[in-house]
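Novice: Coordinates for the following, if possible.
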Amino acid sequence: MQLSDISDKFTNVTLDEIIQKAGGTKCTGWSFGSGFKKGDFYLSEVFRLKVEGEDANGQPLNVNLVVKALPKKAARRKLFRSDIFFRNEINFYKKVLPAFEKFQKGTKAKNPFNEYPQYYASHCDGVNDFLALRDISELGYGAASRQETIDYEHCVAIMKSLGRFHAVSIAFKDQQPDEFAKVAQSIEETYYNDKFRAWYTPFLKDAIKVAEHAVSTEFPGTVYEEKSKKFLHDDVFQVQINLVERKNKYSVIQHGDCWMPNFLFRYNENKVPEHVKIIDFQLARYASPAVDLSFFTYSCTDNKMRTQYYDSMLKIYHEAAADLIKDLGSDPDKVFPYEGFLNEMKEVGKFGCGMGIESLPLSMQEEHEVLDIDEIATDQSILTDVWQIAPLEDKNSRLRLAEAFKHAIDMGYIE
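Specialist: Residues are numbered from 1 along each chain as shown. Now for the predicted structure:
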């Protein structure tokens, strides 16, 4: 493999710059590492790369990278609108995170938010885009399985990390509102915008059928069937647009794609997750924190977890947010009170069901069901050619989807 297999713009000059950013002088060699599984990444091609260099004393200095690149096949780029997602994520790493780091440094916070991989290099022109980040697997971080729901310890770790991530926006906006507003404008809505309706609607119709079948099969003749049908027969896409466009004093720069593969964990000797890193900010947007939390809740937890721990999950999230808001020099009781947060969940919590009708069927696919996108995609392809879902035959899978609606209805998120 050659560097140009990543991108024509990923060159030896890029590698020199990466080594220099790591404190060295120049690149002396490089090699590709093992790749990723089919289905791990829809929007990009992902490479592992070891870059060898030397420091000012001529001593070896190595950098291990994960490099995301636009798919080589134009049909795949077009099918997934990959250029838009790349532009958004590159802007997040180049504009949002440096502003967050500068703000946090200025507050002299003792425990700043840093739960993301280090950025090294990028290029963005819609054809040759790439994003080079530190490979944090060398630090012991790894992903959970695509199919499994998570246990309480993983849930706690994610809730704390999301709380800390959102806290930076709350404090930043409180202390430097004009500067924060500029930063928030550097990312864009990549999913729920009317200009993407034609792209998404055919798949959404299939997803609605799958969700209706799950709820009507598991909860026939109940208020859950009635209310979920009403929600699904409404213009779901417009509902989601309205929810992400809703802005107020609690709005934050958020992740936008909170399903399990986008959280990497490092474990202690008892196999309990101690640290989390958040990856894949391609859907980052400025919206209610409840968008992230409801997505995570309904895509990653099951009914048993929600029944037992939902209230404490929300408290853990909010406590982590409040702790960092205070550390950053703002008053959490004023800028992000618990009641205000709960109201956000009440107003926006149904978002997770609107997103869950997509993410749940896709995440529950077995590995052999994941299609090879490059083999299928043509210039005429539409989303349903590669995201193929059908009514769920397995009762546990149906329950997973149906019980998401049950919980949202019980909480008053869907009326």
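
Novice: Show me the shaky parts of the chain.
Specialist: Applying pLDDT under 70 to the chain flags residues 35-42, 145-149, 365-387.

Novice: hmm, what's the outermost residue in it?
Specialist: Here the chain reaches farthest from its C-alpha mean at residue 57, the gap being 40.4 Å by CA atoms, centre = their mean.

Novice: From residue 17, how far off is that one?
Specialist: Separation of residue 57 from residue 17 (CB to CB, to the nearest Å): 20 Å. (Each C-beta comes from the backbone N, C-alpha and C, glycine too.)

Novice: before we move on, back to that, am I right that the residue farthest from the centre of the chain is in a helix?
Specialist: No. According to DSSP: H, G, I helix; E, B strand; the rest coil, residue 57 belongs to no helix; its state is coil.

Novice: burial count for residue 63?
Specialist: 24 (other CB atoms under 10 Å).

Novice: And the helices in the stretch 1-150 of the chain?
Specialist: Secondary structure of the stretch 1-150 of the chain (DSSP state H, counting those that start in this stretch): helices located at 12-21, 74-80, 82-91, 97-107.

Novice: who does the longest one touch, helix- and strand-wise?
Specialist: Helices and strands touching helix 97-107, as assessed by 3 or more CB pairs under 8 Å, 6 or more residues apart in numbering; DSSP states H and E, comprise helix 152-175, helix 177-184.

Novice: which other residues reach that helix?
Specialist: Helix 97-107 has contacts (CB atoms under 8 Å, 6 or more residues apart in numbering) with 112-113, 116, 119, 168, 171-172, 175-176, 179, 183, 327-329.

Novice: swap in the first one?
Specialist: Contacts to helix 12-21, defined as CB under 8 Å, 6+ apart, come from residues 3, 25-27, 30, 51, 53-54, 61, 63, 65, 120-121, 132.

Novice: ok, whatever helix or strand residue 277 lives in: who's next to it in the sheet?
Specialist: Assigned by DSSP states H and E, residue 277 falls within strand 273-278. Paired strands of strand 273-278, with direction, are strand 263-267 (antiparallel) (DSSP bridges).

Novice: For the partner strand, list the C-alpha coordinates in PDB.
Specialist: The C-alpha coordinates for strand 263-267 follow below in PDB (Å, rounded to 0.1, in the frame of the first residue of the first chain):
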ATOM      1  CA  PHE A 263     -17.100   5.300  22.600                       C
ATOM      2  CA  LEU A 264     -13.800   3.600  23.200                       C
ATOM      3  CA  PHE A 265     -13.000   2.300  26.700                       C
ATOM      4  CA  ARG A 266      -9.900   1.600  28.800                       C
ATOM      5  CA  TYR A 267     -10.400  -0.900  31.500                       C
END
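
Novice: coming back round to it: between the helices and strands packed on helix 97-107, which one is nearest to residue 94?
Specialist: helix 177-184 (11.3 Å; CB to CB).

Novice: What residues does the nearest residue to residue 211 once chain neighbours are set aside make contact with?
Specialist: Leaving aside its sequence neighbours, residue 211 sits nearest to residue 357 (CB to CB, 6 or more residues apart in numbering; 4.3 Å). By CB under 8 Å, 6+ apart, residue 357 lies in contact with 204, 207-208, 210-211, 232, 236, 401.

Novice: same thing with residue 72?
Specialist: Residue 72 neighbours (CB under 8 Å, 6+ apart): residue 45.

Novice: Now the terminal residues of stretch 213-232, how far apart.
Specialist: End-to-end distance for stretch 213-232, by CA to CA, to the nearest Å: 11 Å.

Novice: So which bits of it are buried?
Specialist: 213-216, 218-219, 224-225, 227-229, 231-232 (16 or more other CB atoms under 10 Å).

Novice: now swap in stretch 270-286 and tell me
Specialist: For stretch 270-286, the neighbour count (16+ other CB under 10 Å) marks 273, 275-286 as buried.

Novice: can you give me the end-to-end distance of that stretch?
Specialist: End-to-end distance for stretch 270-286, by CA to CA: 37 Å.

Novice: what do you get for stretch 86-97?
Specialist: End-to-end distance (CA to CA), stretch 86-97: 16 Å.

Novice: for stretch 89-101, same thing?
Specialist: One end of stretch 89-101 sits 17 Å from the other (CA to CA).

Novice: Likewise for stretch 4-13?
Specialist: For stretch 4-13, the end-to-end distance is 12 Å (CA to CA).

Novice: Please give me every residue in contact with residue 390.
Specialist: By CB under 8 Å, 6+ apart, the neighbours of residue 390 are 206, 210.

Novice: Please tell me how far it sits from residue 213.
Specialist: Distance from residue 390 to residue 213, counting by CB to CB: 9 Å.

Novice: again, but for residue 167
Specialist: Where residue 213 is concerned, residue 167 sits at a distance of 40 Å (CB to CB).

Novice: if we can go back for a sec, can you name the two of the contacts of helix 97-107 that are farthest apart?
Specialist: 119 and 329 (25.4 Å).

Novice: who's in contact with residue 256?
Specialist: 190-191, 281-285, 287, 291-292, 295.

Novice: buried set for stretch 296-307?
Specialist: 296-303, 305-306.

Novice: out of those residues, which are inside helices?
Specialist: Those of those mapping onto helices are 296-300, 303, 305-306, per DSSP state H.

Novice: In those, find the pair that's most separated.
Specialist: Every pair of these checked by CB to CB; the farthest is 296 and 303, at 15.0 Å.

Novice: Just give me the residue right at the centre of the chain.
Specialist: Note: the chain centre (CA atoms, centre = their mean) maps to residue 257, 2.9 Å.

Novice: now that residue: how far from residue 359?
Specialist: Distance, residue 257 to residue 359, using CB to CB: 9 Å.

Novice: Check residue 295 too.
Specialist: For residue 295 relative to residue 359 (CB to CB), the value is 7 Å.

Novice: where do the contact lists of the two overlap?
Specialist: Joint contacts of residue 295 and residue 359 (CB under 8 Å, 6+ apart) are residue 259.

Novice: More neighbours: which of these two?
Specialist: Using other CB under 10 Å as the criterion, residue 295 and residue 359 rank with residue 295 on top: 24 against 20.

Novice: Can you tell me the closest non-neighbouring residue to that one?
Specialist: residue 258 (4.5 Å).
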